[in-house]
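A.B. asks: Model the following, please.
(one chain, ligands or ions: 1)
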Amino acid sequence: MDALPYDASPALPTPRAPRALATEAVHAGRDDLAALGLHAVPIDLSTTYPSHDARAEAERIDAFATTGARPDGPPVYSRLDNPTTARFEDALARLEGTQSAVAFASGMAALTAVLLVRASMGLRHVVAVRPLYGCSDHLLTAGLLGTEVTWTDVAGIADAIRPDTGLVMVETPANPTLAEVDIRAVAHACGSVPLLVDSTFATPVLQRPVEHGARIVLHSATKYLGGHGDVLAGVVACDEEFAGKLRQVRFATGGVLHPLASYLLLRGLSTLPVRMRAASTSAAELACRLAADPRIARVHYPEIGGAMVAFEVFGNPHDVIAGVRLITPAVSLGSVDTLIQHPASISHRIVEEGDRRSAGISDRLLRMSVGLEDVEDLWRDLTEALSAGPAPTAREGRTAAAGGAREGRPAAR
Ligand code: MET
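C.D. replies: Predicted coordinates for the structure are as follows:
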């Protein structure tokens, strides 16, 4: 037996002719399978790796403690590395165009590791632009990891940076308003401070932030990368030097991804471009119909496109949530089925009300993750749900419109 799965996952991508994203989505991290006589990805569930050579194990542990590079040979213990997870990391790095990627048990574990790496270097200050996903906002605002945050807008980033600033963080398109920032302009404002872009809503199908100057790309892999609502995961795509530090933090804090989750993620990646294209087409169509609907005060749909639509209703948003029958009334996103949720009640509940409002997250905002159902079935369910509650009085309608709502005209694509 001369080829083991862990030999087949080098930390740095092997140079080869450039391949299209759709091809990488199917093959990256899996190029060695045919040579192994396999078609499906092997799942390595080992927690420990037997060896009669304790000196070699000590060397592996020392090397990992020094560089954080993937162990050479069996990973000693699965908190250091896992061959199945390494395949997912290789695949995601190729899709994002980075040297490396490091996977975690959730998106929040991934963000935590990034913050801990910078804080451990004495760089405890973070500059961030709202809105971010509610728990990201909370992690920064509450200073749970001993970090301090300055919230600003894009124009204020350069002035907000201090000698102890370790990170600038943006999310684009942002959760839940789908507000977009110009990554290149933000990266320019960051100077030498690393820019982290949470690209969960875009996926590498729609944007590759490192090509625009970002140093770190964060995904809640639970969403589009997994794509089926059955795996909780996070991943950071970055250069190998930073990846080494992330692996050391992951080893120390234990937020590792289970190999079965890594398998499901690889399976999800295979169809990512197809799913994103199909769902985005339906989302753009629904955004157009909502923008023309008199029950809707405002539609948010990003220039970049994608499968997320947010909209503010004149009526009671809770009636819409209670009224859907085909659409799943649930938080999270990126699954094959369409999901709708009320950010002020769920995804951004933990953000203080004033901060929520100033970030543009109205109490009448609903966020919808468009799936792969037929668009006419989705529209029928949505339009029936929009009519489900008691009709708003003319006075209620006027109040909502005066609260900052304006007519949105999403770009059709
Ligand atoms: C626990 S609430 C949020 C889950 C997910 N990040 C979302 O935005 O829907």
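A.B. asks: helix or strand for Leu260, which one?
C.D. replies: Element membership for Leu260 (DSSP states H and E) is helix 259-270.
A.B. asks: List the buried residues of that helix.
C.D. replies: Pro259, Ala261, Ser262, Tyr263, Leu264, Leu265, Leu266, Arg267, Gly268, Leu269, Ser270 (16 or more other C-beta atoms under 10 Å). In this view, the C-beta of every residue, glycine as well, is placed from N, C-alpha and C.
A.B. asks: Now tabulate the residues you listed in CSV and tack on pLDDT.
C.D. replies: Shown next, in CSV, are these (pLDDT from 0 to 100):
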residue, pLDDT
Pro259, 98
Ala261, 98
Ser262, 98
Tyr263, 98
Leu264, 98
Leu265, 98
Leu266, 98
Arg267, 98
Gly268, 98
Leu269, 98
Ser270, 98
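A.B. asks: What sits closest to Gln248 if chain neighbours are left out?
C.D. replies: Nearest residue to Gln248, sequence neighbours excluded (C-beta to C-beta, 6 or more residues apart in numbering): Gly68, at 4.3 Å.
A.B. asks: and what of His348?
C.D. replies: That would be Gly134: by C-beta to C-beta, 6+ apart, it lies 3.7 Å from His348.
A.B. asks: residues near that neighbour, how many?
C.D. replies: 23 (other C-beta atoms under 10 Å).
A.B. asks: Now do the same contact list for it.
C.D. replies: Asn175, Pro343, Ser347, His348, Arg349, Ile350, Val351 (C-beta atoms under 8 Å, 6 or more residues apart in numbering).
A.B. asks: what about the third one, distance to Lys223?
C.D. replies: Look at Ser347 and Lys223: by C-beta to C-beta, to the nearest Å, they are 12 Å apart.
A.B. asks: Could you double-check that His39 sits in contact with Arg30?
C.D. replies: No: counting by C-beta atoms under 8 Å, Arg30 is not a contact partner of His39; they are 9.4 Å apart.
A.B. asks: Quick check: neighbours shared by the two?
C.D. replies: With C-beta under 8 Å, 6+ apart as the test, His39 and Arg30 reach no residue in common.
A.B. asks: what about those two, which has more around it?
C.D. replies: Arg30 (21 against 8).
A.B. asks: Which pLDDT does the model give the more buried one?
C.D. replies: Per-residue pLDDT puts Arg30 at 98.
A.B. asks: so what's it up against?
C.D. replies: Taking C-beta under 8 Å, 6+ apart, one finds Val41, Arg87, Ala91, Leu266 in contact with Arg30.
A.B. asks: what's the neighbour count on the third one?
C.D. replies: Meaning Ala91. 30.
A.B. asks: Skip the chain neighbours and tell me the closest residue to it.
C.D. replies: Spatially, and ignoring its direct neighbours in sequence, Ala91 is nearest to Gly29 (3.4 Å; C-beta to C-beta, 6+ apart).
A.B. asks: if we can go back for a sec, pretty sure the residue nearest to Gln248 sits against Arg250.
C.D. replies: No: with contact defined as C-beta under 8 Å, Gly68 and Arg250 do not form a contacting pair (9.0 Å).
A.B. asks: Of the two, which one has the most company?
C.D. replies: The residue with more neighbours, out of Gly68 and Arg250, is Arg250; 27 against 23, by other C-beta under 10 Å.
A.B. asks: host element of that one?
C.D. replies: helix 240-253.
A.B. asks: Which residues does that helix contact?
C.D. replies: For helix 240-253, the surrounding residues in contact (C-beta under 8 Å, 6+ apart) are 11-12, 64-65, 67-70, 79-81, 99-102, 104, 112-114, 116-117, 120, 194, 215-216, 236, 238, 256.
A.B. asks: and what of stretch 260-277?
C.D. replies: Contacts of stretch 260-277 (C-beta under 8 Å, 6+ apart): 21-22, 25-26, 28-30, 41, 43, 45, 82, 84-85, 87-88, 91-92, 95, 103, 203-206, 221, 224-228, 230-233, 306-307, 336, 372.
A.B. asks: Sort out which of the residues you listed are in strands and list them.
C.D. replies: Ala103 (DSSP state E).
A.B. asks: And the buried ones among the contacts of stretch 260-277, selectable in PyMOL?
C.D. replies: Buried subset of these, written as a PyMOL selection, criterion 16+ other C-beta under 10 Å:
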select buried, resi 21+25+28+29+30+41+43+82+84+85+87+88+91+92+95+103+203+204+205+206+221+224+225+226+227+231+232+233+306+307+372
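A.B. asks: secondary structure class for the closest residue to the ligand within the stretch 151-300 of the chain?
C.D. replies: The stretch 151-300 of the chain approaches the ligand most closely through Asn175 (5.1 Å), counting by C-beta to the nearest ligand atom. Of the three states, Asn175 takes coil under DSSP: H, G, I helix; E, B strand; the rest coil.
A.B. asks: Got phi/psi on it?
C.D. replies: phi -90, psi 120 (degrees, to the nearest 10).
A.B. asks: From Ala93, how far out is it?
C.D. replies: 23 Å.
A.B. asks: just for the stretch 251-400 of the chain, where's the confidence low?
C.D. replies: Counting by pLDDT under 70, the stretch 251-400 of the chain has low-confidence residues at 389-400.
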